[in-house]
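**Q** quick one: sequence and predicted model below, then my questions.
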Amino acid sequence: MLQFVKFKSSLGTIEIIGDQNGIQSIDINEDQIFRETIIPDILKESVEQILDYIEGSRKSFTFLLNLKGTEFQYKVWNIVKTIPYGKTTSYLKIAKDYGNANAVRAVAAAIGKNPILIAVPCHRVIGSNGSLVGFSSGIVKKKWLLKKEGFSLQTEVEF
């Protein structure tokens, strides 16, 4: 049975949904009027790890993921999961890693459907020109996450 938790963080309101098979969704929003929920046992590890990441004491995650999507989305998300902490890459590079440099728009669409923000680090994917584009929780949150990881506009982007 799916469980969920909502809690405040310095990044915003975080909502995590998952079950014994793993986390299915991590979302960030600005929900100012909400009720913090009791953390279900099945989600405690993911909440602790996300908070540790936000506080700067964690760079990777060990909780189980249970991604739901198409085969194409799943392949793209697996590529995104390999982007190291503090590094960025472009949509074009991911399309090339997938095996089709012409699939940039499809790759961008798949990344835009990423249901597990932060743990599947789509915030580390930027435009080929270095621009911070596309993030379901908004560019301000994307900038916050990248800055937390030490990214600056002078940081090299892998193309």
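**A** It's in.
**Q** please enumerate the strands of this structure.
**A** Under the criterion DSSP state E, strands of the chain are mapped to 3-9, 12-19, 22-29, 88-90, 125-126, 157-158.
**Q** deepest-packed of the ones you listed, please.
**A** Using mean count of other CB atoms under 10 Å, the stretch among the strands of the chain with the largest mean neighbour count is strand 125-126, at a mean of 24. All C-beta spots, glycine's among them, are computed from the backbone N, C-alpha and C.
**Q** that older thread, possible to save the strands of the chain as a markdown table with distance to Ser137 and mean pLDDT?
**A** A markdown table is the format used below for the strands of the chain (distance: least, CB to CB, whole Å; pLDDT from 0 to 100):
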| stretch | distance to Ser137 | mean pLDDT |
| --- | --- | --- |
| strand 3-9 | 12 | 93 |
| strand 12-19 | 7 | 95 |
| strand 22-29 | 4 | 95 |
| strand 88-90 | 17 | 94 |
| strand 125-126 | 14 | 94 |
| strand 157-158 | 21 | 48 |
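**Q** how about the helices in this structure?
**A** Applying DSSP state H to the chain gives helices spanning 44-55, 71-80, 91-98, 104-112, 139-148.
**Q** about what we covered before: make JSON lines out of the strands of the chain and add distance to Ile79.
**A** Shown next, in JSON lines, are the strands of the chain (distance: least, CB to CB, whole Å):
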{"stretch": "strand 3-9", "distance to Ile79": "27"}
{"stretch": "strand 12-19", "distance to Ile79": "22"}
{"stretch": "strand 22-29", "distance to Ile79": "18"}
{"stretch": "strand 88-90", "distance to Ile79": "9"}
{"stretch": "strand 125-126", "distance to Ile79": "10"}
{"stretch": "strand 157-158", "distance to Ile79": "12"}
